[in-house]
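Trainee: next come a sequence and a model predicted from it.
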Amino acid sequence: MREIKFRGKSIKTGEWVYGYYYRDVIEINDEQSFADISYIKMPYGDHYMDIEVIPETVGEYTGLKDKNGKEIYEDDIIKIVLKGKYMNDDDEYFLEEEQIYVGEVYFDNGYGVKTKEYCPSLTHLLKKSLEKIGNKFENPELLSN
């Protein structure tokens, strides 16, 4: 069973925070105006701290790590190097020359990678050269190549 956790960028510090995600609606003035606020509940010593995060930056942990042991989250940018024999669904492929793909991790009925030419499932690439090289919020230029 995979670990369920999220990350998001703190509104106050701009730092990434990791933990449980939830949203809350708060009253912002006496005129019954409300705001929908996103939080990451982060472990802090023997209790938890609620950190307000930028909603668009919230991404779920895939349960997978790259070849360097870095956790892979939704909206991360990964580099995939394929060469030799590999399986994708029920098909077997053999690539004689090295092929490099850069793509964004997404979730839609299972995790996958969006690239310009290729769309593999992450789980089929676990034994391949999968490396996290950034995320779409801090390194959008990596997706334009």
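Mentor: Structure received. Residues are numbered from 1 along each chain as shown.

Trainee: distance from the chain centre to the top strand by length along the chain, please.
Mentor: Identified as the longest strand of the chain according to DSSP state E is strand 91-107. How far strand 91-107 lies from its chain's middle: 18 Å, per CA atoms, centre = their mean, to the nearest Å.

Trainee: packing partners for it?
Mentor: Applying 3 or more CB pairs under 8 Å, 6 or more residues apart in numbering; DSSP states H and E, we find strand 91-107 packed against strand 59-65, strand 76-88, strand 111-114. Every residue, glycine included, has its C-beta placed from N, CA and C.

Trainee: what mean pLDDT would you report for it?
Mentor: Mean per-residue pLDDT for strand 91-107: 76.

Trainee: can I get that strand in CSV, CA atoms only?
Mentor: Taking Å, rounded to 0.1, in the frame of the first residue of the first chain, the C-alpha atoms of strand 91-107 are listed here in CSV:
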residue,chain,number,x,y,z
ASP,A,91,3.8,-5.3,-25.5
GLU,A,92,7.5,-5.8,-25.4
TYR,A,93,9.9,-3.4,-27.1
PHE,A,94,13.6,-3.2,-27.9
LEU,A,95,15.3,0.1,-28.6
GLU,A,96,18.8,-0.1,-30.0
GLU,A,97,19.6,3.5,-29.6
GLU,A,98,19.1,5.5,-26.4
GLN,A,99,15.9,7.7,-26.3
ILE,A,100,15.5,10.5,-23.8
TYR,A,101,12.1,11.9,-22.9
VAL,A,102,11.2,14.8,-20.5
GLY,A,103,7.7,14.9,-19.2
GLU,A,104,5.3,16.0,-16.5
VAL,A,105,3.8,13.6,-14.0
TYR,A,106,0.0,13.6,-13.9
PHE,A,107,-2.8,11.6,-12.3
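
Trainee: what residues of that strand count as buried?
Mentor: Tyr101, Val102, Gly103, Glu104, Val105, Tyr106 (16 or more other CB atoms under 10 Å).

Trainee: what pairs with it, parallel or antiparallel?
Mentor: strand 76-88 (antiparallel), strand 111-114 (antiparallel) (DSSP bridges).

Trainee: tell me the contacts of the residue nearest to Ile54 when sequence neighbours are not counted?
Mentor: The spatial neighbour of Ile54 that comes closest, neighbours along the chain excluded (CB to CB, 6 or more residues apart in numbering), is Lys9 at 4.9 Å. Lys9 makes contact with Glu15, Trp16, Val17, Val53, Ile54, Thr57, Phe137, according to CB atoms under 8 Å, 6 or more residues apart in numbering.
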